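Asks: Below are the sequence and a predicted model for it; my questions follow.
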Amino acid sequence: MKLTVKKIRYIINYKKKGESCETKMDMKISKRRVEQVWKYYSETGKEPIIGKNLGRLALMKVLQLRHL
């Protein structure tokens, strides 16, 4: 299942309380994904950003970077 900002906040709040098993069962996501979200939050203190600046760069942007 795809994670949203709301689901990430839910994971973080439950992990703060120490309830990780219920978190993955409620949202039908893997234990590993819960661990990844929690690790990022515990290291940075911020929620993971999803859907921003991901994937391959646009062709025009690549060409502009080459000319610099």
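Replies: Yes, it's here.
Asks: burial count for Glu47?
Replies: Under the neighbour criterion other C-beta atoms under 10 Å, Glu47 is assigned a count of 14. Bear in mind the C-beta positions are built from the backbone N, C-alpha and C, glycine included.
Asks: Nearest residue to the middle of the protein?
Replies: The residue lying closest to the centre of the chain (C-alpha atoms, centre = their mean) is Pro48, at 4.0 Å.
Asks: Wait, that residue touches Ile8, no?
Replies: Yes. Judged on C-beta atoms under 8 Å, Pro48 makes contact with Ile8 at a distance of 6.1 Å.
Asks: Can you classify the closest residue to the residue nearest to the centre of the chain other than its chain neighbours by secondary structure?
Replies: On the basis of C-beta to C-beta, 6 or more residues apart in numbering, the spatially nearest residue to Pro48 that is not a chain neighbour turns out to be Tyr40, at 4.6 Å. Three-state secondary structure (criterion: DSSP: H, G, I helix; E, B strand; the rest coil) places Tyr40 in helix.
Asks: Thanks again, I'm all set now.
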